[in-house]
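J.: Let me see the structure of the following:
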Amino acid sequence: MATDFIEQVNTANEAVRKISDIQEIDIATAPRETVWEDGKVQLYHFIRDTAPKAKTPVLISYALVNRWEMMDLQPNLSFVRKLLEEGLDIYLIDWGYASEIDRYKTMEDYILGDIHECVEFICRRHNTDKINLLGVCQGGTFSLIYSALFPQNIKNLVTTVTPVDFREENGLLFLWAKHMDVDAIVDGFGGVVPGDFLNSGFDLLKPMNKARKFTNLPKVSQNKEKLLNFLRMEKWVADSPAQAGETYRQFIKDFYQKNKLIKGEFLLGGREVDLSNIDMPVLTVYAKDDHIVPPSSTVPLNDVISSKDKELMEFPGGHIGVFVGGRSQKLLTPAIAKWLIDRDK
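T.: Now for the predicted structure:
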């Protein structure tokens, strides 16, 4: 027993030493350039070495929760790099970091302002009338709204782990949000909801995951590449931006609590958002074991859009696994790229 304890202590000390030896953790290293910006919001264009296989560029709309770097977390397991490798021309919106000055920023500002201006910029830059739009989680919900209001601007739409039907009661996040006093939260935080507050909620969805993660750290540290990947993930989690209070309030009330989007009752800038206006080809990707956005919240999209070319794609993993890991690289990302290239006519 004493020998086992001493061995565990030595292993833990070795893990600490190896971590202290690492001077810097780099994430989001795929070469890119900023081609448009408005205040804190930037539009990146990822640099290609060769001509793309598809002439229609792809715009990625990430969620406001957490940072877009998840799409390019590790050089060898990068969602963005793999899309580039498969032949796509990739743009991505960086929402920046919300602060007190952004407390009154609404979904109208994000969707009718930022997304719309990025789409128009890319269209002008490529001398085209339409782009491909790829939405991630909440950014996928924003993409659905945009595509319903401006279907003429979108050639193909891809949504990944995107909530659309919020009547879901299997997921804890959906249950909690239905009973949340969102006004008290937003007003209590002075109009800007801290990222740490949101992360605490996500941790509580599966509380043992965090404990298990650090319990396994000494073992993980024996492999330098695994240790680096662990630290990259921790750096990404720790860099969670705050949320503009009015957008957070609007999203919780209109979607989680009133389910207005799929009911056809949601208004944006005074315009009715009718998902049946979505008539372009649509690929809906959901994760089988997603505990943040359960499949039953995503799959109903196909029942309300009018697209004749629509496909559901199940990923055998969880919410984050869609974007990192071997299965994403080998199965999902090439499938998304092929789906888009096949429709690039």
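
J.: Could I get the full set of strands for the protein?
T.: 32-38, 41-46, 58-61, 90-94, 131-136, 154-160, 192-193, 243-244, 267-268, 271-272, 282-287, 310-315 (DSSP state E).

J.: In JSON lines: the ones you listed, plus mean pLDDT, mean neighbour count and distance to residue 182.
T.: Placement of C-beta: from N, CA and C, glycine included. Output for the strands of the chain, formatted as JSON lines (pLDDT from 0 to 100; neighbours: other CB atoms under 10 Å; distance: least, CB to CB, whole Å):
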{"stretch": "strand 32-38", "mean pLDDT": "98", "mean neighbour count": "14", "distance to residue 182": "27"}
{"stretch": "strand 41-46", "mean pLDDT": "98", "mean neighbour count": "20", "distance to residue 182": "24"}
{"stretch": "strand 58-61", "mean pLDDT": "98", "mean neighbour count": "25", "distance to residue 182": "23"}
{"stretch": "strand 90-94", "mean pLDDT": "98", "mean neighbour count": "23", "distance to residue 182": "25"}
{"stretch": "strand 131-136", "mean pLDDT": "98", "mean neighbour count": "27", "distance to residue 182": "23"}
{"stretch": "strand 154-160", "mean pLDDT": "98", "mean neighbour count": "24", "distance to residue 182": "24"}
{"stretch": "strand 192-193", "mean pLDDT": "96", "mean neighbour count": "22", "distance to residue 182": "9"}
{"stretch": "strand 243-244", "mean pLDDT": "96", "mean neighbour count": "26", "distance to residue 182": "11"}
{"stretch": "strand 267-268", "mean pLDDT": "98", "mean neighbour count": "16", "distance to residue 182": "18"}
{"stretch": "strand 271-272", "mean pLDDT": "96", "mean neighbour count": "12", "distance to residue 182": "23"}
{"stretch": "strand 282-287", "mean pLDDT": "97", "mean neighbour count": "23", "distance to residue 182": "26"}
{"stretch": "strand 310-315", "mean pLDDT": "96", "mean neighbour count": "16", "distance to residue 182": "30"}
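
J.: what are the ranges of the helices in the stretch 201-345 of the chain?
T.: Using DSSP state H, counting those that start in this stretch, the helices of the stretch 201-345 of the chain run over 207-215, 217-220, 224-238, 245-251, 260-263, 295-298, 301-304, 326-327, 333-342.

J.: out of the ones you listed, nearest to residue 106?
T.: helix 245-251 (4.9 Å; CB to CB).

J.: about what we covered before: to residue 95, which of the helices of the stretch 201-345 of the chain lies closest?
T.: helix 245-251 (10.2 Å).

J.: Now the nearest residue to residue 136 once chain neighbours are set aside: phi and psi?
T.: Nearest non-adjacent residue to residue 136, counting by CB to CB, 6 or more residues apart in numbering: residue 62, 4.9 Å away. Note on residue 62: its backbone torsions stand at phi -90, psi 170 [degrees, to the nearest 10].

J.: Over to residue 239?
T.: Dihedral angles (degrees, to the nearest 10) for residue 239: phi -100, psi 40.

J.: OK, contacts around it?
T.: 66-67, 69, 195 (CB atoms under 8 Å, 6 or more residues apart in numbering).

J.: Among these, which pair sits farthest apart?
T.: So, those by CB to CB: farthest apart are 69 and 195, at 13.6 Å.

J.: check contacts around the residue positioned nearest the centre of the chain.
T.: For the chain, residue 136 is the residue whose C-alpha lies nearest the centre (CA atoms, centre = their mean; 3.6 Å). Contact analysis of residue 136 by CB under 8 Å, 6+ apart lists 60-63, 71, 160-162, 323.

J.: Between the contacts of residue 239, which sits nearest residue 117?
T.: residue 67 (20.8 Å).

J.: And the nearest residue to residue 96 once chain neighbours are set aside, what's its pLDDT?
T.: With sequence-adjacent residues excluded and distances taken as CB to CB, 6+ apart, residue 96 is closest to residue 40, at 2.9 Å. Per-residue confidence (pLDDT) for residue 40: 95.

J.: what's the answer for residue 225, then?
T.: 79.

J.: Could you count how many residues lie near it?
T.: 9 (other CB atoms under 10 Å).

J.: Can you tell me how far it is from residue 74?
T.: Residue 225 is 9 Å from residue 74, where distance means CB to CB, to the nearest Å.

J.: go on, residue 250?
T.: 34 Å.

J.: so residue 98 makes contact with residue 195?
T.: No: applying CB atoms under 8 Å as the test, residue 98 and residue 195 come out as separate, 9.1 Å apart.

J.: and the end-to-end length of stretch 76-87?
T.: 17 Å (CA to CA, to the nearest Å).

J.: Quick check: buried residues in that stretch?
T.: 77-84, 86-87 (16 or more other CB atoms under 10 Å).

J.: hey, what's in contact with both of residue 98 and residue 195?
T.: Joint contacts of residue 98 and residue 195 (CB under 8 Å, 6+ apart) are 241-243.

J.: Next, format the residues you listed as TSV and append distance to residue 174.
T.: What follows is those, written out as TSV (distance: CB to CB, whole Å):
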residue	distance to residue 174
241	22
242	22
243	18
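
J.: ok, so of those residues, who is nearest residue 317?
T.: The closest of the shared contacts of residue 98 and residue 195, once distances to residue 317 are taken by CB to CB, is residue 241, at 25.0 Å.

J.: What's the separation between that closest one and residue 64?
T.: In terms of CB to CB, residue 241 sits 7 Å off from residue 64.
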